[in-house]
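Visitor: What follows is a predicted structure for the sequence shown.
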Amino acid sequence: MARVKLVLGPNGGRFPGCNCLLVEDAGVRVLVDTGCGDALLHLRDRVDAVVYTHHHPDHISGHHLIPRGVNVYSPIGEEPYGSLEDLARRYAAHVHREWLDFATSYIGVKEAPRATHYFEPGEDVCIKGLCIKTIAAPGHMRTHTLLQVDGHAHLTDIDLAGFGPWYGNPESSLTLFLADIEAAARIDADAFTTSHKPQAYMRGEALNLLLRYALRVIDTLRALMSHLEEAGAARPADLAGRGIVYRRYLPIAETIMRFFEENMLAQLLGLLHTLGCVKRTPRGFSAARGCQAIDRLEERIRDAVMGYS
């Protein structure tokens with residue numbers, strides 16, 4: 001059976017750091033992601049391969065430290081980028097210069113990974129006999145991948161953090177993210193880790209945290225409804241900066257945080273529209289009267305997640 005170790009990033013893996021995973025079996029050592037800061041310096045010369053769960057900047061910040069010649073595995077869709085600017089244009093096209101500055105100066109990214117091998121999320125990645133199961137979780141972004149090694153599940157950016165589910169990229173999907181949380185609950189594992197929490201959780205605790213994590217979306221939906229009921233019709237751009245998603249913006253990242261918040265607000269409003277809780281008007285979205293669909297969505301999520309306890 002493979003040994004799995006959570007390699008903590010700076011400040012326990014809190015953003016802009018990231019926890020990595022070290023998987024070892026029969027002398028083969030595989031590192032998952034490279035955002036673990038100085039800890040990477042002690043590992044880089046002793047790994048046979050690196051597997052990326054996706055190419056968000058906090059997960060790739062140490063890529064420049066990986067020796068040339070080490071095999072690098074990335075999800076299909078993380079194609080070779082000519083420069084970091086290409087990555088920035090994919091993730092934040094309208095504010096790519098601000099994204100690039102944030103990624104390089106605040107997170108410390110030096111270069112975009114150029115994988116030697118690509119895998120389809122959902123298939124096993126096998127390296128010299130060590131096999132890692134991959135699980136597609138495209139709500140966070142389309143290439144986002146969870147991993148399972150024997151009885152250990154790594155939930156990547158279903159990170160169980162108080163920051164809550166993050167679906168701010170233009171290619172993210174709130175609906176898929178909620179489905180991904182339910183899929184995480186279905187994983188047949190005894191221990192669960194994430195990219196941004198500093199410990200492993202046993203199954204019962206992990207399911208409770210997954211439920212609490214998902215219900216942050218419900219809380220945000222209700223907060224958004226309350227705002228619309230008080231303020232009238234509004235568009236995502238009108239609602240950004242009012243504390244509905246982000247309590248405040250970091251001074252170094254105000255432009256890109258507003259960009260991501262507007263994307264999340266647009267998805268929240270889209271879900272509320274699907275639920276029949278808001279209606280479109282010439283001035284934006286306005287609250288519909290007597291909507292009970294959020295309560296029903298909460299009940300469905302509770303049943304779906306805790307049904308695997």
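Guide: That came in fine, so what should we check first?

Visitor: which parts of stretch 161-179 are buried?
Guide: Counting neighbours by 16 or more other CB atoms under 10 Å, one finds that the buried residues in stretch 161-179 are 161, 164-169, 172-174, 176-178. Where you see a C-beta, it was placed from the backbone N, CA and C, and this is true even at glycine.

Visitor: By pLDDT, give me the weakest of those.
Guide: In terms of pLDDT, the weakest of the buried residues of stretch 161-179 is residue 164, which scores 87.

Visitor: On the three-state scheme, the residue nearest to it when sequence neighbours are not counted is what?
Guide: Spatial nearest neighbour of residue 164, chain neighbours left out: residue 216 (4.0 Å); criterion: CB to CB, 6 or more residues apart in numbering. Assigned with DSSP: H, G, I helix; E, B strand; the rest coil, residue 216 falls in the helix class.

Visitor: Show me which of the buried residues of stretch 161-179 is closest to residue 232.
Guide: Closest to residue 232 out of the buried residues of stretch 161-179 is residue 174 (23.4 Å), distances taken as CB to CB.

Visitor: my read: that closest one touches residue 271, true?
Guide: Yes. With contact defined as CB atoms under 8 Å, residue 174 counts as touching residue 271 (5.8 Å).

Visitor: quick revisit: gap between the residue nearest to residue 164 and residue 271?
Guide: Going from residue 216 to residue 271 by CB to CB, to the nearest Å gives 14 Å.

Visitor: before we move on, what about residue 180?
Guide: 15 Å.

Visitor: Which one's more surrounded, these two?
Guide: Shown here are residue 180 and residue 271; by other CB atoms under 10 Å, residue 180 has more neighbours (26 against 20).

Visitor: which is the next helix or strand following the host helix or strand of that one?
Guide: Assigned by DSSP states H and E, residue 180 belongs to helix 174-186. Later in the chain than helix 174-186, the nearest helix or strand by DSSP H and E is strand 191-193.

Visitor: Run me through the strand neighbours of the following helix or strand past that following strand, direction for each.
Guide: Note on strand 191-193: by DSSP H and E, the next helix or strand toward the C-terminus is strand 201-202. Sheet pairing of strand 201-202 (DSSP bridges) gives strand 191-193 (antiparallel).
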